[in-house]
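Undergrad: dropping the sequence and predicted coords here.
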There are 2 protein chains.
Amino acid sequence: MAEIRVMKRVLANNDALAADQLAGIDRQGVLSLNLMSGPGAGKTSLIERTIECLRDRVRIYVIEGDIQGSLDAERVAAAGAGVTQVNTQGACHLDAMMLQSVLPGIDLAATDLLIIENVGNLVCPAEFRLPAHFNVTLVSTPEGSDKPAKYPLMFERSDLVLITKTDLLPYVDFDPAEIDRAVARLRVETPVLRLSCRTGVGLDGWLDWLEQKLAARGRVGTGK
Amino acid sequence: MAEIRVMKRVLANNDALAADQLAGIDRQGVLSLNLMSGPGAGKTSLIERTIECLRDRVRIYVIEGDIQGSLDAERVAAAGAGVTQVNTQGACHLDAMMLQSVLPGIDLAATDLLIIENVGNLVCPAEFRLPAHFNVTLVSTPEGSDKPAKYPLMFERSDLVLITKTDLLPYVDFDPAEIDRAVARLRVETPVLRLSCRTGVGLDGWLDWLEQKLAARGRVGTGK
């Protein structure tokens, strides 16, 4: 019982800190997203493509969460956005406390869109709220369409689900309709979009969603 | 500090229990494997193919670890092996305590090979020793060849690494040699094999490794 009580307190403290941080982000009118998925589902590729498509109009800043190393941060920097790497030193998820030390270093007044790329893990990141308006979860076609049934908390807490690597559909066993049905069962209002960062097919749907959310904050076309 | 001390004690207790359990498995001459990977890398497909190839000669029993549901256990049962499902109820990994309640129900005297399929997660399962002789880690080609660099503990603790879904190599950015080099840097003696469960190419290497480990326990050709 003791262990359960301690964990609940950790989560409550995390959620309170994340809410405080999000209030600060809100005061600057910035849109903040928490990107989650299993390893290698294409979070960094999606960020690269998003920067390429929007960098002339939207000021993007990225926080890269990884256990160690800076491979993804280097890719994001090469794509042309500001980026801060957070190494979790073995921890399986980002949490608000880890972001506390990096948020003051980000010029939110010069940012329209903050993207937080979580550690690649379909389990633990879902438990820790981050200072984000929306949780965006990626599931790639080679992973199989049974993922929402097997990792329900992640998909229950998702505001948007992206089926990625749709260019591989001819070569893998994946039923997009199974994802649609499973996500709807967990949280009926969550949209599910399909895209391929490799071919670009479906990226327009993601960019439309993003521009709609940016517009709600008066942020479309406010770029540099 | 308190949190770190508690966690160390949890891990020490887990490791001691796993060692006890493995001693029991050893007394029956059974080979036990802990299969780990990110979500959707093909652990269940590998188990299905292994059962198909060996079921006439090797008595296989599978423990299926999943957060919830029994999708994988149903697939394993359909392939023709005995199987017990362990639901972790939200936990991100299997541990020795979770196996404590199911091991007594398995007829080890009628088993040559015990396969424990861990929860799909490249982070947390690596921290918890299970009653297994070998940790086998799968990384699928669509996940990308940067995975050992990004999830080092998992690969440091692997006795065998399997690159899966090699049939997708023409369609993804994946450099098998990068995995070879990265695994060798973490643990030089760990072999890395390549295979596709879809086409069957490379399965012979995996089956050879398995038969060698079974033979070391006097278990080849002892099937039903």
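TA: Now that the structure is in, tell me what you want to look at.

Undergrad: assign a three-state SS to residue A:139, would you?
TA: Recorded secondary structure, residue A:139: strand (DSSP: H, G, I helix; E, B strand; the rest coil).

Undergrad: next, the contact list for it, please.
TA: With contact taken as Cβ atoms under 8 Å, 6 or more residues apart in numbering or on different chains, residue A:139 is in contact with A:37, A:38, A:41, A:145, A:147, A:148, A:161, A:162, A:163, A:164, A:179. The C-beta positions use only the backbone N, C-alpha and C, and glycine is treated the same way.

Undergrad: where's the second one relative to residue A:181, distance?
TA: Separation of residue A:38 from residue A:181 (Cβ to Cβ, to the nearest Å) stands at 20 Å.

Undergrad: more neighbours: those two, which one.
TA: The neighbour count for residue A:38 versus residue A:181, taken as other Cβ atoms under 10 Å in any protein chain shown, is higher for residue A:38 (27 against 14).

Undergrad: hang on, that one in a strand?
TA: No. Counting by three-state DSSP, residue A:38 is not part of a strand but coil.

Undergrad: next one: it from residue A:122, what distance?
TA: For residue A:38, the distance to residue A:122 equals 4 Å [Cβ to Cβ].

Undergrad: and residue A:173, by the same measure?
TA: 18 Å.

Undergrad: may I ask which helix or strand of chain A has the lowest mean pLDDT?
TA: helix A:2-27 (a mean of 87; mean pLDDT, DSSP states H and E).

Undergrad: what helices or strands is it leaning on?
TA: helix A:96-100 (3 or more Cβ pairs under 8 Å, 6 or more residues apart in numbering or on different chains; DSSP states H and E).

Undergrad: pull the CA atoms of the helix it packs on into CSV?
TA: Only the C-alpha atoms of helix A:96-100 are listed here, as CSV (Å, rounded to 0.1, in the frame of the first residue of the first chain):
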residue,chain,number,x,y,z
ALA,A,96,7.5,18.0,-15.6
MET,A,97,10.4,18.1,-13.2
MET,A,98,12.9,17.2,-16.0
LEU,A,99,11.4,20.1,-18.1
GLN,A,100,11.6,22.6,-15.2
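
Undergrad: centre of the chain to it, how far?
TA: Relative to the centre of its chain, helix A:96-100 is centred 16 Å away, using Cα atoms, centre = their mean, to the nearest Å.

Undergrad: what's the average pLDDT for it?
TA: For helix A:96-100, mean pLDDT is 96.

Undergrad: mind checking the SS state of residue A:65?
TA: strand.

Undergrad: quick one, what contacts residue A:80?
TA: Here residue A:80 is in contact with A:51, A:52, A:55 (Cβ under 8 Å, 6+ apart).

Undergrad: neighbour-wise, which of residue A:173 and residue A:122 wins?
TA: residue A:122 (30 against 12).

Undergrad: the more buried one touches residue B:120, doesn't it?
TA: Yes. The criterion here is Cβ atoms under 8 Å, and residue A:122 meets it with residue B:120 at 6.8 Å.

Undergrad: who touches both of those two?
TA: By Cβ under 8 Å, 6+ apart, the residues touching both residue A:122 and residue B:120 are A:38, A:151, B:38, B:39.

Undergrad: got any residues that touch both of residue A:38 and residue A:122?
TA: Residues touching both residue A:38 and residue A:122 (Cβ under 8 Å, 6+ apart) are A:147, B:38, B:39, B:120.

Undergrad: most neighbours out of those residues, which is it?
TA: Busiest of the shared contacts of residue A:38 and residue A:122 [other Cβ under 10 Å] is residue B:120, holding 30 neighbours.

Undergrad: backbone dihedrals for that one, please?
TA: Phi and psi for residue B:120, reported as degrees, to the nearest 10, are phi -70, psi 100.

Undergrad: gap between it and chain A?
TA: According to Cβ to the nearest Cβ, to the nearest Å, residue B:120 and chain A sit 7 Å apart.

Undergrad: contact partners for that residue?
TA: Listed by Cβ under 8 Å, 6+ apart, the contact set of residue B:120 reads A:38, A:122, A:150, A:151, B:37, B:38, B:39, B:40, B:41, B:43.

Undergrad: quick check: residues of chain A near chain B?
TA: A:6, A:38-41, A:66-69, A:71, A:90, A:92, A:119-124, A:140, A:142-144, A:146-147, A:149-153, A:165, A:167-168, A:171-172 (Cβ under 8 Å from any Cβ of the partner chain).

Undergrad: for burial, what's the neighbour tally of residue A:88?
TA: Residue A:88 has 17 neighbouring residues, counting by other Cβ under 10 Å.

Undergrad: three-state assignment of the spatially most central residue of chain A?
TA: Nearest to the mean C-alpha position of chain A, by Cα atoms, centre = their mean, lies residue A:35 at 1.0 Å. At residue A:35 the chain is in strand, as set by three-state DSSP.

Undergrad: that one contacts residue A:134, doesn't it?
TA: No. Between residue A:35 and residue A:134 there is no contact under Cβ under 8 Å: 9.6 Å.

Undergrad: strands of chain A, start to end?
TA: Ranges of strands in chain A, per DSSP state E, are A:31-36, A:60-66, A:82-87, A:113-117, A:134-140, A:160-164, A:192-194.

Undergrad: make TSV out of those strands and add mean pLDDT.
TA: Output for these, formatted as TSV (pLDDT from 0 to 100):
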stretch	mean pLDDT
strand A:31-36	98
strand A:60-66	97
strand A:82-87	96
strand A:113-117	98
strand A:134-140	98
strand A:160-164	98
strand A:192-194	98
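
Undergrad: switch those over to CSV; also include distance to residue A:105.
TA: Putting the strands of chain A into CSV (distance: least, Cβ to Cβ, whole Å) gives the following:
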stretch, distance to residue A:105
strand A:31-36, 15
strand A:60-66, 10
strand A:82-87, 7
strand A:113-117, 12
strand A:134-140, 23
strand A:160-164, 28
strand A:192-194, 32
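
Undergrad: of all these, which one comes closest to residue B:110?
TA: Residue B:110 lies closest, by Cβ to Cβ, to one member of these: strand A:134-140, at 38.6 Å.
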